[in-house]
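coords please:
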Amino acid sequence: MESTAVWQGATFCGILTWILMASYLNLTPKLRSLLQPWVAHHVITGTPLILQIQNYQHRFLDAFFSALSCVVSVPFYTAFLPLLFWSGHGKLARQMTLLMAFCDYLGNCIKDVVSAPRPSCPPVRRITATRDEEDNALEYGLPSSHTLNTVCLSGYLLHYILSYAQNEDAYLKFGGLALVCLLVSLIGLGRIYLGMHSPVDIIGGLAVGLLILSFWLTVHERVDSFVVSGQNVTTFWAVLSFILLFAYPTPECPTPSFEYHTAFNGVALGIVSGVQQTYQQFHHEAVPRLFISELTVPCFMGRMLVGIPTILIVKFCSKALAKWILPVVANALSIPIKSSTYIPTLNGSSNGKKSDRLKQSGYLQKLYLFSGQDSFDVDTGIRFIQYAGLAWSVVDLVPSIFSLLSL
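Numbering: from 1, shown residues only. Reported below is the predicted structural model:
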């Protein structure tokens, strides 16, 4: 118990110390001044290669690479991971969820620290087939999140399958590695073809992804053991999630990256708190699994029909509850707030640029702006609670309903 409290306290102290030092030393602008010119130069010099690849323009390639980008996007993983939990593969699902949150946080931090541009359009032709792609185009370029996430998640999936099957067949390992490499190559090529990234962004995403995957493969068993059987898990993760809202760099210009981080930060908290409370009931290693044990396809389809509407209702209710509670709490504590999206009556900022800058800032920067008689953007808290509630329902509420319905 004492050792647990020591390392948890040391973790919090380390992160808080880093936040204070980074703010005091003004590290983000200094790092940006070193890295941004170099990356921007390589974005410009990479434009001829992008145009050369785009010379092979065809409607089929437009549709193929757009669809492939959707399949490995954050919204796809957000929809896919609940199904993975309900299929009985709980360990894989929670590991991929936490890995996704880790990738999202580190990748977006690097994006907003460097604040490097995407390829100039024109001359580059940019294809944004979905609303999600339009939002992605508003982010900075380096590293490519699609490449980074694909490296990490497909690499971890391959590791999990080979470890679970305990198959030492060299041909199977080579075939799995070849498929992962092919997928990563197609994703990287597709992001260049669609005009969303420069070659330097793809290389950066590949390098960062390999580093994160290597690190995760050394700690994933310890992380999973802590989540399912550790001490002070929910309290630790709640405090960690809150601190990570502080530990985020301020970008050169507003982008959606901080919003994505906030959402997946909430997802990680909801998953961890739910699994920790219900592991012995719904997520232990002996639960029925799809395609492996007695969980049948009709039963899994029934779970989907019940589970998907339930989590959507919980998401709606969590958002509504947060929109009601957070302003009340802020008023009780005399904290001035505003909302740029969720609560129109609080959207009273007269300076749009300053409002955007406040929304994009880490919380430490928001505290400094607050001292200048500005106000907090309550949308951050609403988004965090909304996605935490959704994730909790995936691993706690919905499996309870499955149990009642004998699914």
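
buried residues in stretch 118-131?
Residues 118-119, 124, 126-128 are the ones in stretch 118-131 that count as buried (16 or more other C-beta atoms under 10 Å). (C-beta placed from N, C-alpha, C; glycine too.)

list the helices and strands the one helix or strand Asp135 maps to packs on?
If you go by DSSP states H and E, Asp135 is part of helix 131-136. Judged by 3 or more C-beta pairs under 8 Å, 6 or more residues apart in numbering; DSSP states H and E, helix 131-136 is in contact with helix 59-71.

residues in contact with the helix or strand immediately after the helix it packs on in the chain?
For helix 59-71, the following helix or strand on the C-terminal side (DSSP H and E) is helix 74-86. Residues outside helix 74-86 that contact it (C-beta atoms under 8 Å, 6 or more residues apart in numbering): 70, 92-94, 96-97, 100, 104, 132, 145, 149, 153, 260, 264, 267, 283, 300, 303-304, 307-308, 311, 394-395, 398-399, 402.

now swap in stretch 93-108 and tell me
74, 77, 81, 84-85, 139, 143, 145, 148-149, 152-153, 156-157, 160, 205, 208-209, 212, 216, 220, 223-224, 227, 244, 248, 257-258, 260-261, 264-265, 267-268, 271-272, 275, 283, 391, 395.

for the closest residue to Phe226 other than its chain neighbours, which residues are in contact?
Nearest residue to Phe226 in three dimensions, chain neighbours excluded: Val233, at 6.6 Å (C-beta to C-beta, 6 or more residues apart in numbering). Residues near Val233 by C-beta under 8 Å, 6+ apart: 226-227, 272-273, 276.

from those, which land in helices?
Judged by DSSP state H, those include 226-227, 272-273, 276 as members of helices.

how about TSV for these, with pLDDT and neighbour count added?
Compiled in TSV, those are given as follows (pLDDT from 0 to 100; neighbours: other C-beta atoms under 10 Å):
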residue	pLDDT	neighbour count
Phe226	90	19
Val227	90	22
Val272	93	30
Ser273	92	22
Gln276	89	20
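
ends of stretch 272-285, what's the gap?
End-to-end distance of stretch 272-285: 16 Å, with C-alpha to C-alpha, to the nearest Å as the criterion.

mind listing the helices for the stretch 1-150 of the chain?
2-25, 27-45, 47-54, 59-71, 74-86, 90-114, 131-136, 145-165 (DSSP state H, counting those that start in this stretch).

what's the weakest-modelled helix or strand in the chain?
The least trusted helix or strand in the chain, going by mean pLDDT, DSSP states H and E, turns out to be helix 363-371, with a mean of 42.

what residues sit buried inside the helix or strand harbouring Arg222?
Element membership of Arg222, judged by DSSP H and E, is helix 199-229. Within helix 199-229, the residues scored as buried using 16+ other C-beta under 10 Å are 199-206, 208-209, 212-213, 216, 220, 223-224, 226-228.

can you check stretch 387-403 too?
Those would be 387-399, 402, for stretch 387-403 by 16+ other C-beta under 10 Å.

and of those residues, the nearest to Lys30?
Tyr387 (32.6 Å; C-beta to C-beta).

that closest one and Gln36, how far apart?
Separation of Tyr387 from Gln36 (C-beta to C-beta, to the nearest Å): 31 Å.

just to revisit the earlier point, among the buried residues of stretch 387-403, which lie within helices?
Using DSSP H, the buried residues of stretch 387-403 in helices are 387-392, 398-399, 402.

in a markdown table: these, plus distance to Val6 and pLDDT.
Below are those laid out as a markdown table (distance: C-beta to C-beta, whole Å; pLDDT from 0 to 100):
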| residue | distance to Val6 | pLDDT |
| --- | --- | --- |
| Tyr387 | 31 | 92 |
| Ala388 | 27 | 92 |
| Gly389 | 32 | 92 |
| Leu390 | 33 | 91 |
| Ala391 | 29 | 92 |
| Trp392 | 28 | 93 |
| Val398 | 36 | 91 |
| Pro399 | 34 | 91 |
| Phe402 | 39 | 90 |
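
how about stretch 181-194: buried residues?
183-184, 186-188, 190-194.

from the residues you listed, pick the one nearest Val113.
For the buried residues of stretch 181-194, the nearest to Val113 is Arg191 (20.4 Å; C-beta to C-beta).

so the closest one: helix, strand or coil?
Secondary structure state of Arg191, per DSSP: H, G, I helix; E, B strand; the rest coil, is helix.

where does it land on pLDDT?
Per-residue pLDDT puts Arg191 at 92.

can I assume it is in contact with His146?
Yes: contact criterion C-beta atoms under 8 Å: Arg191 and His146 qualify, at 5.7 Å.
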